[in-house]
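>>> sequence and predicted structure are below.
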Amino acid sequence: MKNQLKNIIIYLVIFCFLIFFCGYIIWQIQPPSQEKKSVTFIINEGEGINEIGNKLKTKGLVKNSFFFALSSYFTGAWTKFQAGEYDLSPDMNHFLIIKTFLNGPKPQEKTITILEGWTNNDIALYLENQNVVKKEDFLKALQEIDTSSYDFLKDKPQTAGLEGYLFPDTYRIYAKSSPKTIISKMLQNFQNKFNEEKIKAVNEQKRTIFEVVTLASLIEKEAKDKEDRRIVSGIFQKRLEMGMSLESCATINYLLEKPKEKLTNEDLKIDSPYNTYLYPGLPPGPINNPGLESIEAAIWPIKTDYLYFLAGPEGKNVYAKTFEEHQKNKEKYLK
């Protein structure tokens, strides 16, 4: 009888110990806090499970590094954690943390800034220099990307590319983004910026978005501030109505391997439909990717009596109503 009682007591002690031990383990693997906040956690290359557990404990993300290691061994995940950056929270238990690690680090983001007036080739070179994508891959993607979902491109001639439509802006992208993903982001931005108000105005003027973007690309290079852009737009549109050549130096520079501040007579004789000195009307397509101010200037010009302009001092344009007045301005400002 005594032996039976002794055995019962021993079993009860063992049972209680097991209950306590299991409860202790369960408590250890539970979140150290109910606070919901984002904590950036980095696993470095070569770090083992013990180092990871100690860092988790230091950041207040687990109660005990040993039990986190034990959880990792138990799940078989301890050799599968990838180096990188993770978003964790103190209200996550061991298994949620392990699951996050197994899903892999969050993609690294990168900021890129596309400047107004850059050509597609400029953008491709910039992205290559930023170690985002290779130049040739980006230019190839411009030819291959499906643009059927973008309504603003529907009036674009099939022979024209996407020059003019890669909207200049600052973008946050994943470091390993594909060229097509980056292009789509820029096209979507263009669609957002070219809103219903602008579309309505273009339709009322019986023009196409393609014509507006082409004109805006010239304005982008010929004027620096908002008012000058609208005045230049008015001059260009008046010349178009008169059947007069636009004579935009920007279109000549588009044809040259390296842009020049001062063009030669030989430059002005380059036989190309983009040469707006030789051929009246707009060039065959945009010569760069214009910014919002230039696009708006192309839609809403300021009408004046001016017919000529040139770049003057301090970035401001100098205007003239007659050819004779324009020649005097050239003698004064272009010496």
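Cool, got the structure.
>>> show me where the stretch 101-250 of the chain has its strands.
109-113, 170-174 (DSSP state E, counting those that start in this stretch).
>>> domains of the chain?
1-27, 31-102, 109-193, 208-333 (automatic domain parsing).
>>> contact partners for Phe138?
By C-beta atoms under 8 Å, 6 or more residues apart in numbering, Phe138 lies in contact with Ile123, Ala124, Leu127, Glu128, Pro179, Ile182, Ile183. In this view, the C-beta of every residue, glycine as well, is placed from N, C-alpha and C.
>>> can you tell me which of the residues you listed lies nearest to Lys332?
Ile123 (37.1 Å; C-beta to C-beta).
>>> include mean neighbour count and distance to Glu314 when you put the strands of the stretch 101-250 of the chain into a markdown table, please.
Shown next, in a markdown table, are these (neighbours: other C-beta atoms under 10 Å; distance: least, C-beta to C-beta, whole Å):
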| stretch | mean neighbour count | distance to Glu314 |
| --- | --- | --- |
| strand 109-113 | 12 | 25 |
| strand 170-174 | 13 | 27 |
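>>> of all the ones you listed, which lies closest to Ala250?
Of those, the one closest to Ala250 (C-beta to C-beta) turns out to be strand 109-113, at 21.8 Å.
>>> just the angle between the closest one and strand 170-174, please?
With axes from the mean of the first three to the mean of the last three C-alpha atoms, to 10 degrees applied, the angle from strand 109-113 to strand 170-174 works out at 150 degrees.
>>> state the distance from the nearest residue to Val212 once chain neighbours are set aside to Ser217.
Sequence neighbours aside, Ala298 is the residue nearest to Val212 in space, at 4.8 Å (criterion: C-beta to C-beta, 6 or more residues apart in numbering). In this view, Ala298 and Ser217 are 9 Å apart by C-beta to C-beta, to the nearest Å.
>>> spit out the residues that contact those two alike.
Joint contacts of Ala298 and Ser217 (C-beta under 8 Å, 6+ apart) are Pro290.
>>> buried stuff in stretch 257-274?
Under the neighbour-count criterion of 16 or more other C-beta atoms under 10 Å, stretch 257-274 has Asp267, Tyr274 buried.
>>> where does pLDDT dip in this protein?
1-27, 29, 335 (pLDDT under 70).
>>> just the helices in it please.
Applying DSSP state H to the chain gives helices spanning 2-29, 49-58, 65-75, 94-102, 120-129, 135-144, 179-193, 196-204, 209-222, 226-242, 249-255, 265-268, 292-299, 323-333.
>>> make JSON lines out of the ones you listed and add distance to Leu162.
Output for the helices of the chain, formatted as JSON lines (distance: least, C-beta to C-beta, whole Å):
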{"stretch": "helix 2-29", "distance to Leu162": "53"}
{"stretch": "helix 49-58", "distance to Leu162": "46"}
{"stretch": "helix 65-75", "distance to Leu162": "48"}
{"stretch": "helix 94-102", "distance to Leu162": "39"}
{"stretch": "helix 120-129", "distance to Leu162": "7"}
{"stretch": "helix 135-144", "distance to Leu162": "5"}
{"stretch": "helix 179-193", "distance to Leu162": "7"}
{"stretch": "helix 196-204", "distance to Leu162": "19"}
{"stretch": "helix 209-222", "distance to Leu162": "10"}
{"stretch": "helix 226-242", "distance to Leu162": "23"}
{"stretch": "helix 249-255", "distance to Leu162": "16"}
{"stretch": "helix 265-268", "distance to Leu162": "27"}
{"stretch": "helix 292-299", "distance to Leu162": "15"}
{"stretch": "helix 323-333", "distance to Leu162": "35"}
